[in-house]
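> Sharing a model that was predicted from the sequence below.
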Amino acid sequence: MNLTSYLALAAILFCIGLYGVIIKRNAVLVLFSIELMLNAVNINLVAFSKYGLNANIAGHIFTLFSITVAAAEAAVGIAILIALYRKKGTAEADQFDTLKE
């Protein structure tokens with residue numbers, strides 16, 4: 001595979017994630033869509049690290065940091081979602097307006 005194939009795959013994943021964030025109402029699906037977008041960015045980092053002008057390991061290291069941040073984001077997001085679900089009784093994202101008060 002060449003760089004164009006990786007970039008096309010990452011663009012498709014990012015667009016699917018963006019569609020999920022914009023269209024879906026369920027907060028769990030929105031979190032999954034954000035994870036898809038982050039994985040698309042990780043594919044780009046690794047692809048440019050391997051096929052870029054100055055091929056080095058920096059993209060792989062940034063990808064590892066990005067994966068750890070995404071795991072922490074998912075854990076905190078799910079914890080907040082569980083707390084809001086216990087309070088509101090729904091997982092619909094547009095019902096969570098308690099921070100507006």
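Structure received.
> what sits against the residue most central in space within the chain?
Central residue of the chain (C-alpha atoms, centre = their mean): E35, 2.4 Å from the mean position. Residues in contact with E35 (C-beta atoms under 8 Å, 6 or more residues apart in numbering) are G17, A70, A74. No exception for glycine: its C-beta is placed from N, CA and C like everyone else's.
> Of those residues, which count as buried by neighbour count?
Taking 16 or more other C-beta atoms under 10 Å as the criterion, what is buried in the contacts of E35 is G17, A70.
> I'd like to know which of the contacts of E35 are part of helices.
Counting by DSSP state H, these place G17, A70, A74 in helices.
> Need the per-residue pLDDT for the last one.
Which is A74. As predicted, A74 sits at a pLDDT of 89.
> Repeat that for Q95.
For Q95, the pLDDT comes out at 74.
> Distance of the closest residue to it other than its chain neighbours relative to F96?
Leaving aside its sequence neighbours, Q95 sits nearest to K88 (C-beta to C-beta, 6 or more residues apart in numbering; 5.7 Å). Distance, K88 to F96, by C-beta to C-beta, to the nearest Å: 7 Å.
> of these two, who's got more company?
Neighbour totals were compared for K88 and F96, and F96 leads with 17 against 13 (other C-beta atoms under 10 Å).
> Please name the nearest non-neighbouring residue to that one.
L84 (5.3 Å).
> Make sure the one you found is indeed in a helix.
Yes - counting by DSSP: H, G, I helix; E, B strand; the rest coil, L84 falls inside a helix.
> can you give me the helices in the protein?
Going by DSSP H, the chain shows helices at 3-23, 27-51, 58-88.
> among the ones you listed, which is the most enclosed?
Scoring these by mean neighbour count under mean count of other C-beta atoms under 10 Å gives helix 27-51 as the most buried, with a mean of 18.
> orientation of that helix relative to helix 3-23 in degrees?
Going by axes from the mean of the first three to the mean of the last three C-alpha atoms, to 10 degrees, helix 27-51 is angled at 160 degrees with respect to helix 3-23.
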